[in-house]
Structure formats: C-alpha cells, structure tokens
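Undergrad: A structural model of the following input is requested.
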Amino acid sequence: MTIGLDGRSVIVTGAGSGIGRAAALAFAAEGARVVVADLNAEGAEATVKEIAEAGGTAVAVTGDLSEQAVVDRVTRTAVERFGGVDVLVNNAGIMDRMSALADVSDAEWERVIRVNLTAPFLLTRAVLPHMLAVGRGAIVSTASEASLRGSAAGAAYTASKHGVAGLTKSLAVMYRKQGIRANAIAPGGTSTGIAVDAEQGAHGPSTLGPHFVNLGRLAQPEEQAAAIVFLASDAASNINGVILPVDDGWSAV
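TA: Okay, here's the model as predicted:
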C-alpha cells in the first residue's frame, strides 16, 4: 500500500518549530501541500522557506489558535489555496509548571487547557465539514505520556492531554462511518524548544522528579513526525482511535 499523501492538503499546527516543523517538512517531502500554522511568525515563515527550497508547497498562517478568528483563517487558507482539508495535525501545545492541583492558578489552568485542548477542538470542528463533504479525512493529534499516566506532568497539562486522548477516541467512534480517522501520538521526552517553568521545591515538581528516571532515550522531532505522517497516511487506513506511544518504551515501564 502506498502512503498516499501526494497532493493532499495538510494543516500542521505548531509547525514553526519542534515536532510540528518536522511534521510539516515530512508531509511536504511526501508531496503534500502544507498550511504551516504557528503563533510565531518568524518560525512559520522559516518552515515555509525550507519546504519551498526543497521543492515543496506551503503557506504560513500565524496567530493564536485558541482564538476562533485564527482558526477560521487557517481553515479558509487550506480550502482556498489547496482545495480543502485532507489532514489535520493538532500539534501546537504548551507545558504547565508541573504544579500539583492545589497549587494551580486560574491563569495556568485556563491557558494550558485553552491552548492544548480547546484549540484542537476548535480547529477540528472547523475542518470536519470539509472532510465530511468529500467522505474522507485524517486527524492526528499530539497527546503525551501525560495522556497515559498521572506522573508525567502537572495537573493542568495532564488534564489537557487526557482530554486530547478522549477527543481523539470520540472522533474515531462518531465519524468512522463517514470516512474520518482520528489518532494521536503520545510522545515521551523529545528534543524540542518547549519550556517548563517549574517552581523548584514546589509539591508538584518534587513529587514528579523520581518518576523521570525511566524516561528512556530522548527522541528527535523527526521520530515523532514519522509516526504522525504514518497515522495520517493511507498506509494506516484501518488504524482509528489509537493513542500511539512514541517514547522508547517509557509507557511500558
């Protein structure tokens, strides 16, 4: 079976750096046309430039994907420039402060949930009508080890990534008869620019610390991207509702 991505229209969020950038480059290398969505305009344009220099096709859209107007602009760009939306990669996300629940501020909770869970909901809701109109589509989200366990992040991030896993499974069940597949990767430690502003000595970080001894090998963004591209491709045509650990066996410990 061929991978089947040549000419497909793909949206990748958080594509200005890290896993998202690697995924955008990988999709473009397979012949897909990519909407590079990111909050950071410089990073998004750099990804588009690299794709173009390699002979691929991409366009940048910048803004905060937790805002409906930005979501609408991303979706409209894919439809107007590339004729629709075949693949959506919900990858953009932020870390929390590793805070235990009693220490989570309203601001930390609301921002993490908004970016990590509400933004994927908004964008998925926006692209679904376009996928349903043609009877096919693939949605791949970036969950986390924190979507599988309670010892990989703080309360806000863990709740947000469990939410991503639940959203993925609900999508898979609700829309499989309409030709839509939804899966997620659950990365372990990966070499990206995502930052953790943890308050050292606080209850959350001090409790979580010992659990990271079994983290496993630090992955490169391209390794996560390979799993994303596979799940979005025709080679994964019967894979639906899966949360795939890409973590060097951390989830098996």
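
Undergrad: Only C-alpha atoms from now on, for both contacts and neighbour counts.
TA: Noted.

Undergrad: In this structure, where's the longest strand?
TA: Longest strand in the chain, counting residues (DSSP state E): strand 180-187.

Undergrad: got the buried residues for the helix or strand just after it?
TA: Using DSSP states H and E, the helix or strand that directly follows strand 180-187 along the chain is helix 203-208. If you call a residue buried by 16 or more other Cα atoms under 10 Å, then helix 203-208 has these buried ones: G204, P205, L208.

Undergrad: Show me what the following helix or strand past helix 203-208 is packed up against.
TA: In the C-terminal direction, the helix or strand that comes right after helix 203-208 (DSSP H and E) is helix 221-232. Helix 221-232 sits against helix 18-29, strand 137-142, strand 180-187, with contacts defined as 3 or more Cα pairs under 8 Å, 6 or more residues apart in numbering; DSSP states H and E.

Undergrad: Now do helix 221-232, average pLDDT.
TA: Average pLDDT, helix 221-232: 98.

Undergrad: ok, how many other residues are close to R181?
TA: 29 (other Cα atoms under 10 Å).

Undergrad: wait, isn't it in contact with A236?
TA: No. Counting by Cα atoms under 8 Å, A236 is not a contact partner of R181; they are 9.4 Å apart.

Undergrad: Of the helices and strands packed on helix 221-232, which is nearest G241?
TA: Smallest distance to G241 across the helices and strands packed on helix 221-232 (Cα to Cα): 5.0 Å, for strand 180-187.

Undergrad: Please report phi then psi for the closest residue to I185 other than its chain neighbours.
TA: Take I185 and drop its neighbours on the chain: the residue closest to it by Cα to Cα, 6 or more residues apart in numbering is L244, 4.6 Å away. Note on L244: backbone dihedrals following degrees, to the nearest 10 are phi -100, psi 110.

Undergrad: How about D38?
TA: The phi/psi pair for D38 (degrees, to the nearest 10) is phi -160, psi 150.

Undergrad: What residues are bridge-paired with it?
TA: Beta-bridge pairing for D38 (DSSP bridges): T62.

Undergrad: OK, contacts around it?
TA: By Cα atoms under 8 Å, 6 or more residues apart in numbering, the contact list for D38 reads T13, G14, A15, G16, A44, A60, V61, T62, G63, D64, L65, A92.

Undergrad: quick one, what contacts the closest residue to A41 other than its chain neighbours?
TA: Once flanking residues are discounted, A41 sits nearest to T62: 5.5 Å by Cα to Cα, 6+ apart. Each residue near T62 by Cα under 8 Å, 6+ apart is listed here: A37, D38, L39, N40, A41, A44, V70.
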